[in-house]
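Participant: Need coordinates for the following:
(one chain, ligands or ions: 2)
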Amino acid sequence: MPYYVKGLFLDTPEIGQIRARRGWALVEGDCLAAFRTDAPEGSQTPILDFGDQLILPGFTDLHLHAAQYAYCGTAMDVELIQWLRDYAYPEESRFADPAYAERQYALFVRDLKASATTRACIFASLHTDATLILMRQMEEAGLRGYVGKLAMNRNCPDTYREPSTEEGVRETERWLDACDAMGFSRVRPILTPRFIPSVTDDYMAALGRIARERNVPMQSHLSENRDEIAWVRSLCPDTRFYGEAYARWGLFGGDCPTVMAHCIYSGEAECALMKQNGVMIAHCPTSNENVIAGIAPAARYLRRGWRIGLGSDVSGGHTLNLFAVMMAAIQNSKIYWRYVSQLEKPLTVADTLYMATAGGGRFFGKVGLFEPGYQFDAVVLSEAGLNSTREFSPLERLERYVYRGSGNPQAKFCAGERIV
Ligand code: GUN
Ligand code: FE
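Facilitator: Ligands and ions are numbered 1, 2, ... in the order given. Below is the predicted model of the structure:
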């Protein structure tokens, strides 16, 4: 049944600019069919009237770890490699138990559903059955996204490692077959080699073959931490840069749609290949602060032609709330501008709204704008609690919501379905 949604719609058809329109969005099936600024008088089509409330495109969270959510908001005092060993691996290993996965993923999905995020690219754990549990729960919640069973067969504890390449490939195939058999319509699998230090060459080669044969995208981590980069250099002495250690297996954009998280220390050759291959960069500023990784040149990526969106990177990141990630992106870019390089002006609220919506949404096709033919993903904000004696422009209202509002949306639509 078609319906109208009325409110004050904000989106970003151009980088750096907010479009604000009061009006009625006509939703047909999973898409926005038309946007009108005059009232649909006499129409029989039902109207969901949100008055003058702000309505944004649903957010895309390009990078997060569902199996780390149990300890989200703790474990902030060490750098990446120690953090993985002491916090991430012990928690993720618990998902060997499907009953634990059922319980803990339910908490994750509940909170993701309540947030402004409608689409996500998610790392699960290395366990096939627990990954399928997460996918089923996402599907039932009406959320959309890619979910990955991790590939990890080296440089991690015996209690949390695939025993061999053969076993890893077998489980990956079993997982992909099960995804087909379970008939998911909202969630899809994504190949997920954790990062180069975790995966042997023959396993990477097999993942590259599977990506080609089955047409599956991939996600991973890239150039996040200096020790990590030195480690990759010693593990892959025949590559010129970190990204090449993925690219040589066909797992770096091009025919294989790819999300790479972080990209803080990417050099010119790595950046050039990312741009050429259309690799989607997941900028994760909250996580980059928490695990003391550094500051990515996000304004340059955004304005000089790279594909870029935002990632909460829970639980390196301390929150699923992408408004907080937008704020961190702006603040990080100011520090970068002050201390590192003045070539690009710091990010603005409009820039980060673009990254959270149209920027990252692109990984999912026509997602992230209120344009005819785009998937209707939308969140209706409630500004209760932000009262003031002042009048604010639409952009100022958004700005205040980013900096001060922490409430979840009052209503949420994903591909035309109302889920909150
Ligand atoms: N690199 C490899 N694994 C991880 C992870 O779980 N979190 C982050 N932030 N970086 C990683
Ligand atoms: Fe991560």
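Participant: Point me to the residue of this protein nearest ligand 1.
Facilitator: residue 316 (3.6 Å; Cβ to the nearest ligand atom). To be clear about C-beta, it is placed using only N, CA and C from the backbone, and glycine gets the same treatment.
Participant: Okay, the closest residue to that residue other than its chain neighbours and ligand 2: tell me how far apart.
Facilitator: Nearest-residue entry for residue 316: residue 287, 3.4 Å, with adjacent residues in sequence omitted and distances by Cβ to Cβ, 6 or more residues apart in numbering. For residue 287, the distance to ligand 2 (Cβ to the ion, to the nearest Å) stands at 7 Å.
Participant: so residue 287 is in which element?
Facilitator: helix 285-290 (DSSP states H and E).
Participant: So which bits of that helix are buried?
Facilitator: 285, 286, 287, 288, 289, 290 (16 or more other Cβ atoms under 10 Å).
Participant: Spatially central, which residue of this structure would that be?
Facilitator: residue 62 (1.5 Å; Cα atoms, centre = their mean).
Participant: Residue 362 is in contact with that one, correct?
Facilitator: No: the criterion here is Cβ atoms under 8 Å, and residue 62 misses it with residue 362 at 10.1 Å.
Participant: what does the stretch 251-400 of the chain put close to ligand 2?
Facilitator: By Cβ under 5 Å from the ion, the part of the stretch 251-400 of the chain that sits against ligand 2 consists of 261, 313.
Participant: all helices of the stretch 251-400 of the chain, in order?
Facilitator: Remark: helices assigned in the stretch 251-400 of the chain by DSSP state H, counting those that start in this stretch are 268-277, 285-290, 298-303, 322-339, 349-354, 360-361, 394-403.
Participant: distance between the ends of stretch 307-318?
Facilitator: End-to-end distance of stretch 307-318 (Cα to Cα, to the nearest Å): 24 Å.
Participant: Ok, stretch 180-195 next?
Facilitator: This stretch, stretch 180-195, spans 26 Å end to end (Cα to Cα).
Participant: Report whether that stretch contacts ligand 1.
Facilitator: Yes: using Cβ under 6 Å from any ligand atom, stretch 180-195 reaches ligand 1 at 194, 195.
Participant: one step back: need the contact partners of the helix holding residue 287.
Facilitator: Residues outside helix 285-290 that contact it (Cβ atoms under 8 Å, 6 or more residues apart in numbering): 76, 224, 262, 264, 293-296, 298, 310-313, 316-319, 324-325, 328-329, 331-332.
Participant: Would you show me how to pick out the buried ones of those residues in ChimeraX?
Facilitator: Here is the ChimeraX selection string for the buried members of the contacts of helix 285-290, based on 16+ other Cβ under 10 Å:
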select :224,262,264,293,294,295,296,298,310,311,312,313,316,317,318,319,324,325,328,329,331,332
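Participant: Could you report the distance from the nearest residue in space to residue 321 that is not next to it in sequence to ligand 2?
Facilitator: Leaving aside its chain neighbours, residue 321 sits nearest to residue 115 (6.0 Å; criterion: Cβ to Cβ, 6+ apart). To ligand 2, residue 115 is 18 Å away according to Cβ to the ion.
Participant: Tell me who's in contact with residue 115.
Facilitator: 59, 320, 321, 322, 408, 409.
Participant: 7 Å instead, please
Facilitator: Listed by Cβ atoms under 7 Å, 6 or more residues apart in numbering, the contact set of residue 115 reads 320, 321, 408.
Participant: what does residue 124 give?
Facilitator: 66, 67, 130, 131, 134, 147, 148, 149, 150.
Participant: Please repeat the previous calculation with a cut-off of 6 Å.
Facilitator: 66, 67, 131, 134, 147, 149 (Cβ atoms under 6 Å, 6 or more residues apart in numbering).
Participant: pretty sure the third one contacts residue 149?
Facilitator: So that's residue 131. Yes: in this structure residue 131 lies within contact range of residue 149 using Cβ atoms under 6 Å: 4.1 Å.
Participant: What's the mean pLDDT across stretch 45-64?
Facilitator: Stretch 45-64 shows a mean pLDDT of 98.
Participant: Now residue 7: which helix or strand?
Facilitator: Residue 7 belongs to strand 3-14, assigned by DSSP H and E.
Participant: next SSE after that strand?
Facilitator: By DSSP H and E, the next helix or strand past strand 3-14 is strand 17-28.
Participant: which neighbours does that following strand have in its sheet, and in what orientation?
Facilitator: Here strand 17-28 is paired, per DSSP bridges, with strand 3-14 (antiparallel), strand 31-36 (antiparallel).
Participant: chain center to it: distance?
Facilitator: Offset of strand 17-28 from its chain centre (Cα atoms, centre = their mean, to the nearest Å): 24 Å.
Participant: Now do that strand: everything it contacts.
Facilitator: Contacts of strand 17-28 (Cβ under 6 Å, 6+ apart): 2-6, 8-11, 13, 32-37, 40, 350, 376, 394-395, 416.
Participant: now swap in stretch 313-326 and tell me
Facilitator: So stretch 313-326 is contacted by 59, 63-64, 68-69, 71-73, 111-112, 115-116, 284, 286-287, 290-291, 310, 312, 352, 356, 402 (Cβ under 6 Å, 6+ apart).
Participant: ok, back up a step: measure how the strand holding residue 7 sits relative to helix 394-403, angle-wise.
Facilitator: Between strand 3-14 and helix 394-403, the angle comes out at 90 degrees (axes from the mean of the first three to the mean of the last three Cα atoms, to 10 degrees).
Participant: Of all the residues in strand 3-14, which ones are buried?
Facilitator: 3, 4, 5, 6, 7, 8, 9, 10, 11, 12.
Participant: Likewise for stretch 130-149?
Facilitator: 130-139, 141-149.
Participant: Of these, which ones also sit close to ligand 2?
Facilitator: The subset of these lying close to ligand 2, counting by Cβ under 5 Å from the ion, is empty.
Participant: The nearest residue to residue 302 once chain neighbours are set aside: neighbouring residues, count only.
Facilitator: Spatial nearest neighbour of residue 302, excluding adjacent residues (Cβ to Cβ, 6+ apart): residue 308 at 5.4 Å. By the criterion of other Cβ atoms under 10 Å, residue 308 has 28 neighbours.
Participant: which residues does residue 308 form a beta bridge with?
Facilitator: Where residue 308 sits in a bridge, its partners, by DSSP bridges, are residue 281.
Participant: Wait, it touches residue 281, no?
Facilitator: Yes: look at residue 308 against residue 281 with Cβ under 6 Å: they come within range, at 4.4 Å.
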